[in-house]
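Visitor: output the structure for:
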Amino acid sequence: MLSVIRSALATPDLRKKILFTLFIVVVYRIGAVTPAPGVSYENVQACGEQIGDSGAQGVYSLLNLFSGGALLQLSIFATGIMPYITASIIIQLLTVVIPRFEELKKEGQSGQGKLTQYTRYLTIALAVLQATGVVALAARGGMFQGCDREVIPDDGIIGTSLIVLTMAAGTAVMMWMGELITERGIGNGMSMLIFLNIAARIPIEGKQILDSRGGAVFAVVCVFALAIIASVVFVEQGQRRIPVQYAKRMVGRRMYGGTSTYLPIKVNQAGVIPVIFASSLLYLPDLVGRLVGDPTDADSWFQQFLQTHVVNQSSPIHIGGYFLLIIFFTYFYISITFNVDERAEDMKKYGGFIPGIRPGRPTAEYLHFVLGRITLPGSIYLGTVAVLPNFFLSVTQEGANQNFPFGGTAVLIMVGVGLDTMKQIESQLMQRNYEGFLR
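Guide: Numbering: from 1, shown residues only. Modelled structure (predicted):
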């Protein structure tokens, strides 16, 4: 890996792309710590120091993770990239439900551009909705429970609207910067921003473990983290390769086909999407309870049940529900995104077949059988990695719920983005190395 990085820095074009990506990263991190207008920076810092990471409990944990801590700072990038992720998932699911979207998906680059435009519009709408909820909860004291300071002194319509519009504009700027990285930088821009947000939280989480538990526990956590990362890399690279043979056919005076290839089916075919779905759905009752009821009313039986069993990440109910939801959403998402009938029809149209399997319906049934067999260990793997942090909450910090630095959503995204970025750098280096042979 070090040799690849050294070769990339020695190549002028790649060096420019890497430097451009680093420039966007610096600009983004500056915006992540810049408070939104109308927010009392001193009170936000005081509340953050008073309650620590307990402010990131429940519904805020995933959002604060994806925003790199900008959510609890109430900065201009407080809503993070989560609205874009949600909008992308919604548009992708709607391509199965709405025939017009399905037609656009099949039109190629022009149709994909139209779907991207719809994703941008939906991102802005979701950003406004999420920013409204964040500001409302912060003004009511639901974000920093136990802190009596006013983080938003002017909670009038004009002041609140200004903060909401600023945060929504921050999401639009983040989306634009992600597209700039994709076009002129290295890697996928949106994934890179999420990777940076998660990486920015690692030193803070590590320092809390070191201060609260000492050097011995911190060393054990680091060793365990390396083991998790190595295991995730091993599983993420695993795939089932189904052999595909293409028959020879005459087109004019030329002979085409006769080649052998394979159809790769990854063990983790769904990626990190089931974890995001399960986390969002599991924290939905907490969000409803904070918006409908009084977030400071600890005597309410509903609030007690939520805090004890649903929000508490070390609760058996939370762990079991989280694990089962991940398995369900893994099967659900793969059934939507991987259409076995469409794959079988495409193979039949281009003269491809699986040895020993007839084209058409038998091929679709075989692909469905293989996909179902490989999805089971993939879903169990996702659920296991996601719930591992819950078993170490008592080790890292007593009596607190926090995101384990190298577990769950964080490690899945970091490993996936890191592998994809290194593959892109290697492919671009290979193109330049073989340029003389291709002339």
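Visitor: and the gap between Ile158 and Val164?
Guide: Computed as C-beta to C-beta, to the nearest Å, the Ile158 to Val164 distance reads 11 Å. Where you see a C-beta, it was placed from the backbone N, CA and C, and this is true even at glycine.
Visitor: the two: which is more packed in?
Guide: When Ile158 and Val164 are compared on other C-beta atoms under 10 Å, the one with more neighbours turns out to be Val164, at 23 against 8.
Visitor: the more buried one is in what secondary structure piece?
Guide: With elements delineated by DSSP states H and E, Val164 resides in helix 157-184, which encompasses its position.
Visitor: next secondary structure element downstream of that helix?
Guide: Heading C-terminal from helix 157-184, the first helix or strand you meet, by DSSP H and E, is helix 189-213.
Visitor: got the angle for that next one vs helix 157-184?
Guide: Interaxial angle, helix 189-213 versus helix 157-184 (axes from the mean of the first three to the mean of the last three C-alpha atoms, to 10 degrees): 110 degrees.
Visitor: buried ones in helix 189-213, by neighbour count?
Guide: Buried residues in helix 189-213, counting neighbours by 16 or more other C-beta atoms under 10 Å, are found at 189-201, 205-206, 208-209, 213.
Visitor: what's the answer for stretch 89-99, then?
Guide: Within stretch 89-99, judged by 16+ other C-beta under 10 Å, the buried ones are 89, 91-92, 95.
Visitor: any chance of these in JSON lines with pLDDT as columns?
Guide: Compiled in JSON lines, these are given as follows (pLDDT from 0 to 100):
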{"residue": "Ile89", "pLDDT": "82"}
{"residue": "Ile91", "pLDDT": "86"}
{"residue": "Gln92", "pLDDT": "81"}
{"residue": "Thr95", "pLDDT": "83"}
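Visitor: reformat those as a markdown table; add distance to Lys17 and secondary structure.
Guide: Rendered in a markdown table, the data for the buried residues of stretch 89-99 read as follows (distance: C-beta to C-beta, whole Å; DSSP: H, G, I helix; E, B strand; the rest coil):
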| residue | distance to Lys17 | secondary structure |
| --- | --- | --- |
| Ile89 | 28 | helix |
| Ile91 | 28 | helix |
| Gln92 | 28 | helix |
| Thr95 | 31 | helix |
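Visitor: could you work out the most separated pair of those?
Guide: Ile89 and Thr95 (11.1 Å; C-beta to C-beta).
Visitor: Arg100 sits in which helix or strand?
Guide: helix 99-106.
Visitor: report the distance from that helix to the chain centre.
Guide: Here the centre of helix 99-106 is set off from its chain's centre by 25 Å, with C-alpha atoms, centre = their mean, to the nearest Å.
Visitor: other SSEs contacting the following helix or strand past that helix?
Guide: Proceeding C-terminally, helix 99-106 gives way to helix 109-140 as the next helix or strand, assigned by DSSP H and E. Helix 109-140 sits against helix 82-97, helix 99-106, helix 157-184, helix 284-292, with contacts defined as 3 or more C-beta pairs under 8 Å, 6 or more residues apart in numbering; DSSP states H and E.
Visitor: among those, single out whichever gets nearest to Leu371.
Guide: Among the helices and strands packed on helix 109-140, if distance is taken as C-beta to C-beta, the winner is helix 82-97, at 16.3 Å.
Visitor: one step back: redo the buried residues of stretch 89-99 as CSV? Include distance to Arg254.
Guide: As requested, these are exported to CSV (distance: C-beta to C-beta, whole Å):
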residue, distance to Arg254
Ile89, 43
Ile91, 40
Gln92, 38
Thr95, 35
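Visitor: of the residues you listed, which is the nearest to Val151?
Guide: Within the set of the buried residues of stretch 89-99, Ile89 lies nearest Val151; the separation is 30.6 Å, counting by C-beta to C-beta.
Visitor: surely the closest one meets Ile273?
Guide: Yes: under the contact definition of C-beta atoms under 8 Å, Ile89 touches Ile273, with a separation of 6.5 Å.
Visitor: tell me the residues that contact both of these two, please.
Guide: Counting by C-beta atoms under 8 Å, 6 or more residues apart in numbering, Ile89 and Ile273 have no common neighbour.
Visitor: from Ile5, how far off is Cys47?
Guide: Between Cys47 and Ile5 the computed distance is 41 Å (C-beta to C-beta).
Visitor: more neighbours, those two?
Guide: Using other C-beta under 10 Å as the criterion, Cys47 and Ile5 rank with Cys47 on top: 23 against 13.
Visitor: which pLDDT value belongs to that one?
Guide: What the model reports as pLDDT for Cys47 is 73.
Visitor: thought it was touching Val151?
Guide: Yes: contact between Cys47 and Val151 holds when scored by C-beta under 8 Å: they sit 6.3 Å apart.
Visitor: Gly80 falls within a strand, correct?
Guide: No: counting by DSSP: H, G, I helix; E, B strand; the rest coil, Gly80 is located in no strand; its state is coil.
Visitor: that one touches Leu196, doesn't it?
Guide: No: with the criterion set as C-beta under 8 Å, Gly80 and Leu196 do not qualify as a contacting pair; they are 11.2 Å apart.
Visitor: run the chain-centre distance for the helix or strand containing Tyr28.
Guide: Following DSSP H and E, the helix or strand that holds Tyr28 is helix 12-32. Between the centre of helix 12-32 and the centre of its chain there are 21 Å (C-alpha atoms, centre = their mean).
Visitor: what angle do helix 157-184 and it make with each other?
Guide: Orientation note: helix 12-32 sits at an angle of 170 degrees relative to helix 157-184 (the same axes, to 10 degrees).
Visitor: could you list the buried residues of helix 12-32?
Guide: If you call a residue buried by 16+ other C-beta under 10 Å, then helix 12-32 has these buried ones: 14, 17-18, 20-21, 24-25, 28-29, 31-32.
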